[in-house]
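Enquirer: after the sequence you'll find the predicted model.
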Amino acid sequence: MISSGSTAQFAVWTDFGGVLTPPLGHTFQKFCTTTRIDPDALMSALGKVSARYGTDDFMLPIDTPLITEAQWLQEIAEVLHAEHGYTTQLTTLADIWFDGRETNHAWVARLEKLRSAGTFVGMLSNMPPAWDGHWRRMVDPSALFDDVLLSFEVGHRKPSPGMFALAAERAGVPAERCVLVDDLPHNCAGAREAGWSAVLFTEAESASAELDSILVG
């Protein structure tokens, strides 16, 4: 992995979910279909549980992590039962969340090309501990990335300034030459506030074009 001695001119940090995978909305809908839970009911339960931890970010409690995935799912199941009448037992989100989820091979190819040209390529993800083995089966981190920063391992999460400061330090590249590629606007905004450039990802072709304009600019 490239450290503070890196000679790369730019560091490109890519998100995982919604960038290296299909959009999160698609995966969420598939989860609801599989579990037969109404999406509005699930969103309501997620909101109530998240509020207990002082946030409106559904994933923060488990990718920081403040609680285990099992505890989080139990709390969600209790709200779903009490307020919506569901008796579904949610023992793991990861198995359903990743089942059949496809890797975005077009974006993988773009990252491979960048890295072969000497650009530092890293993955920067808010990731729960229980999901670690799942995403590693979808991509080979040692072959694709110079470094991987996961929220549950480093004690920071996007869009906090600490996450971006640590990523720039690990890449050995100044903030103004770091680029985040992410599918969430608030993460891109956080990167820009930290002095980075950011590309809001919708699909590989347009993201590649925008990224090229940054790297040659």
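Expert: In hand now; what should we look at?

Enquirer: contacts for stretch 32-44, please.
Expert: By Cβ atoms under 8 Å, 6 or more residues apart in numbering, the residues outside stretch 32-44 that reach it are 28-29, 31, 76, 79-80, 83-84, 86, 88, 90, 96, 99. For every residue, glycine as well, the C-beta is placed using N, CA and C.

Enquirer: buried set for that stretch?
Expert: 32, 35, 37, 41-42 (16 or more other Cβ atoms under 10 Å).

Enquirer: next up, the contacts around Phe98.
Expert: Contacts of Phe98 by Cβ under 8 Å, 6+ apart are 131, 134-135, 137-138.

Enquirer: can you give me the strands in the chain?
Expert: Shown for the chain, the strands assigned by DSSP state E span residues 11-14, 120-125, 147-150, 178-182, 197-200.

Enquirer: please name the nearest non-neighbouring residue to Ala198.
Expert: Nearest non-adjacent residue to Ala198, counting by Cβ to Cβ, 6 or more residues apart in numbering: Cys188, 3.8 Å away.

Enquirer: about what we covered before: just the buried ones from the contacts of Phe98, in PyMOL syntax?
Expert: Listed next is the PyMOL selection for buried residues among the contacts of Phe98, using 16+ other Cβ under 10 Å:
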select buried, resi 131+134+135
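
Enquirer: hmm, Ala191 is touching Ser197, no?
Expert: Yes: between Ala191 and Ser197 there is a contact under Cβ atoms under 8 Å: 7.5 Å.

Enquirer: so which residue is dead centre in the protein?
Expert: Closest to where the C-alpha atoms of the chain average out (Cα atoms, centre = their mean) is Ser125, at 3.8 Å.

Enquirer: what's stretch 191-203 in contact with?
Expert: Here stretch 191-203 makes contact (Cβ under 8 Å, 6+ apart) with 15, 18-19, 107, 158-159, 161, 164-165, 168, 175-176, 178-183, 185, 187-189, 207, 210-211, 214.

Enquirer: how about that stretch: buried residues?
Expert: 191, 194, 196-201.

Enquirer: hmm, back to that, in ChimeraX, select just the buried ones from the contacts of stretch 191-203.
Expert: Buried subset of the contacts of stretch 191-203, written as a ChimeraX selection, criterion 16+ other Cβ under 10 Å:
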select :15,18,19,107,158,159,164,168,175,178,179,180,181,182,183,187,188,207,210,211
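
Enquirer: so which of the contacts of stretch 191-203 belong to helices?
Expert: 107, 161, 164-165, 168, 185, 187-189, 207, 210-211, 214 (DSSP state H).

Enquirer: can you lay out those residues as CSV showing distance to Leu149 and pLDDT?
Expert: Output for the ones in helices among the contacts of stretch 191-203, formatted as CSV (distance: Cβ to Cβ, whole Å; pLDDT from 0 to 100):
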residue, distance to Leu149, pLDDT
Trp107, 18, 97
Pro161, 14, 97
Phe164, 10, 98
Ala165, 11, 98
Ala168, 11, 98
Pro185, 20, 97
Asn187, 13, 98
Cys188, 16, 98
Ala189, 19, 98
Ala207, 20, 98
Glu210, 22, 97
Leu211, 19, 97
Ile214, 20, 96
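
Enquirer: since that was my last question, I'll sign off now.
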